[in-house]
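> next input, structure requested:
(2 chains)
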Amino acid sequence: MTQATPIRKAGKIQVTQRTKATQTMQLILWSLVLFTLIGPFLLNYEVIDVRAAVSMTLENLQMMFLQPALHQITFSTALFQIVVTLALAFLATILGAIMSFFLAICSAKNLAPKGIANVIIACNSFVRAVPTVLWVLIFAIVAGLGSVACILGMMLHTIAYLTKAYAESFEELDDGVLEALRASGASWWHTIIHAVVPQSFSYMVSWTFLRFETNYGVAVAMGAAAAAGGIGFELFMASSFYYDLHEVGMITYCALVVAMLLEGIALLIKKRLYTAR
Amino acid sequence: MMTARQTWTKLLIEVGETEAFGNLSTVLEKLVETIVLSILATTTAAFCALFCAMLGSRTTQINAWLGFIVRMIASFFRNVPVVAWALVLVISFGHHVITGYFALFFSTFGLLVRMFIDTIDEASSDGVEALNGVGATYLQMVFKGVLPETLPQLLSWIFYMIETNIRSATLVGLLTGTGIGYLFDFYYKQLNYEMLGLITFVIVVVVFLIEWMSNRVRRIIS
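I've put the predicted structure just below:
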């Protein structure tokens, strides 16, 4: 270090260095703050009585969370609908996982030619950019509103997500193993079956479960927004058709318990994933 | 035989003459609303989440019980389905921007608290120990030790949430009748597939742009 630390003010030493990274970071922070301040004025408001709305919301939330009760459906129906939602998520995840395995071996950089890999990656980022609801509704044009469209739409997103995750875990494979297999005359499929799959199997299972957790949340949303059935549809019926907030509360609690359970399992898996690395 | 250039021009003119293209201004207006909404919900939620993450993280918590309570509250907020928030809020706020804002805010808040806590726990235990060793106060420890170290990661989470929220905003909009989701629903029920195509395309472009921007920023700051 030939350059002395510049002293800016009396008694104060400049501790942080002004690199490009810190400058960009400050710029972004300030622009985000600025946008937050001017953002509310960019929106188009209609007239609304905020005080009445807020007090009504609090009342509604109190009804929902503090006095949950079931009126239109029984508890066993709610449980059954949760199983339906889980089944939707499960099917979408499993079908997606199978397809993304094949796509991932075609898009991992150490296994596939660059051209094919790039095409798959580009298609995936397009699929990911379209919201799941839109995919589900687009499929519903062909398949009709319901669980088939829901599974197809969710599957598409799952494929886009899992292909990336799988391909990344394939790329972490030891090159030496692949090279040794290739040198001893193994075909492409041999390397996949005997080196790639055994070594990255636990990663693949973990990623698939993490996606299953996400898909559960998505399946609840799809039940409400795209009539895919399950607990989300009951939620939609309870609030938009019966205006029964007690029931909305009870259904929310049911969905919440399952979501928290799944999150707990996912957390354990994530911990294992990180310690394994 | 037409040249490639002529074909493209013809195609562009044809696209320009479609009915869907005439409605572009309506779509763009709703799109801007959706973008502003998702950024606003993310930034305000990030601000609140930062405080909660400080209280909830194991390295920076003041009190173990308080930390546990904060983590439970965050877990509650992120696991209640967005749909439930949207459907309850729409009863009192009606088809209004605020409905979408709060629905996004609650779920984003829950998610960001979890991500921020993970980031703080992972990154900063050594720095915190050193600062505590030389007798720094709690605020000094947070502002000089934890924040500078984790800021790039926190920012990249915020960008990720903005991107996610644009997609969620479509869902919330569909349920509550606001933003671009409402427009999609409107034309969906009219079976106007040209407009659906346009709306989907516009959303894809915006998500791509944000992804590209956040990738560039991430590369500079990390």
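> lowest-confidence helix or strand of chain B?
The weakest-scoring helix or strand in chain B, judged by mean pLDDT, DSSP states H and E, is helix B:19-22 (a mean of 67).
> show me where the chain has its helices.
No chain in the question, so chain A it is. Secondary structure of chain A (DSSP state H): helices located at A:20-42, A:50-66, A:75-107, A:114-129, A:132-143, A:147-171, A:175-183, A:188-191, A:197-225, A:231-236, A:245-276.
> ah, I was thinking of chain B
Using DSSP H, helices in chain B cover B:4-17, B:19-22, B:24-56, B:64-79, B:82-93, B:97-123, B:125-133, B:138-140, B:147-176, B:179-189, B:193-221.
> helix A:20-42 and the longest one, what's the angle between them?
Orientation check (axes from the mean of the first three to the mean of the last three CA atoms, to 10 degrees): helix B:24-56 against helix A:20-42 gives 120 degrees.
> what about helix B:24-56, distance to the chain center?
Relative to the centre of its chain, helix B:24-56 is centred 6 Å away, using CA atoms, centre = their mean, to the nearest Å.
> in it, what's buried?
Neighbour-count burial for helix B:24-56, counted by 16 or more other CB atoms under 10 Å in any protein chain shown, picks out B:27, B:30-46, B:49-50, B:52-56. Every residue, glycine included, has its C-beta placed from N, CA and C.
> filter those residues down to the ones near chain A?
B:32, B:33, B:36, B:37, B:39, B:40, B:43, B:44 (CB under 8 Å from any CB of the partner chain).
> and the helices of chain B: which comes nearest residue A:186?
Closest approach to residue A:186 among those is made by helix B:193-221 (36.7 Å; CB to CB).
> touching chain A at all, the closest one?
Yes. Counting by CB under 8 Å from any CB, chain A has neighbours in helix B:193-221: B:193, B:196, B:200, B:203, B:204, B:207, B:208, B:211, B:217, B:220, B:221.
> grab the most central residue of chain A for me.
residue A:214 (4.8 Å; CA atoms, centre = their mean).
> and that one, what is it in contact with?
Listed by CB atoms under 8 Å, 6 or more residues apart in numbering or on different chains, the contact set of residue A:214 reads residue A:161.
> now do 10 Å
Applying CB atoms under 10 Å, 6 or more residues apart in numbering or on different chains, we find residue A:214 in contact with A:89, A:93, A:132, A:154, A:157, A:158, A:161, A:262, A:266.
> now render the ones next to chain A among the buried residues of helix B:24-56 as CSV, adding distance to residue A:122 and pLDDT.
Shown next, in CSV, are those (distance: CB to CB, whole Å; pLDDT from 0 to 100):
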residue, distance to residue A:122, pLDDT
B:32, 27, 88
B:33, 29, 86
B:36, 29, 89
B:37, 29, 88
B:39, 26, 91
B:40, 31, 91
B:43, 31, 93
B:44, 34, 93
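> which among those gets closest to residue B:151?
Set against residue B:151, the nearest of those by CB to CB is residue B:43 (14.6 Å).
> was I right about that closest one contacting residue A:35?
Yes. The pair residue B:43 / residue A:35 is scored as a contact, 6.9 Å apart, by CB atoms under 10 Å.
> mutual contacts of the two, please.
Common neighbours of residue B:43 and residue A:35 (CB under 10 Å, 6+ apart) do not exist.
> re earlier: would you mind finding the most buried of the helices of chain A?
Stretch with highest mean neighbour count among the helices of chain A: helix A:231-236 (a mean of 26; mean count of other CB atoms under 10 Å in any protein chain shown).
> distance between that one and the chain's centre?
Relative to the chain's own centre, helix A:231-236 is displaced by 20 Å; criterion: CA atoms, centre = their mean.
> output the below-cut-off pLDDT ranges for chain B.
Within chain B, the set of residues satisfying pLDDT under 70 comprises B:1-2, B:11-12, B:15-21, B:124.
> list the contacts of the most centrally placed residue in it.
With distances taken as CA atoms, centre = their mean, residue B:162 lies nearest the centre of chain B, 2.7 Å away. Shown in contact with residue B:162 (CB under 10 Å, 6+ apart): A:32, B:35, B:38-43, B:46, B:108, B:210, B:213-214.
> measure the closest residue in space to it that isn't next to it in sequence to residue B:161 for me?
Excluding its sequence neighbours, the residue lying closest to residue B:162 (CB to CB, 6 or more residues apart in numbering or on different chains) is residue B:42, at 4.8 Å. Using CB to CB, to the nearest Å, one gets 5 Å for the distance from residue B:42 to residue B:161.
> what is in contact with the two at once?
Contact criterion CB under 10 Å, 6+ apart; residues shared by residue B:42 and residue B:161: B:49, B:104, B:108, B:109, B:112.
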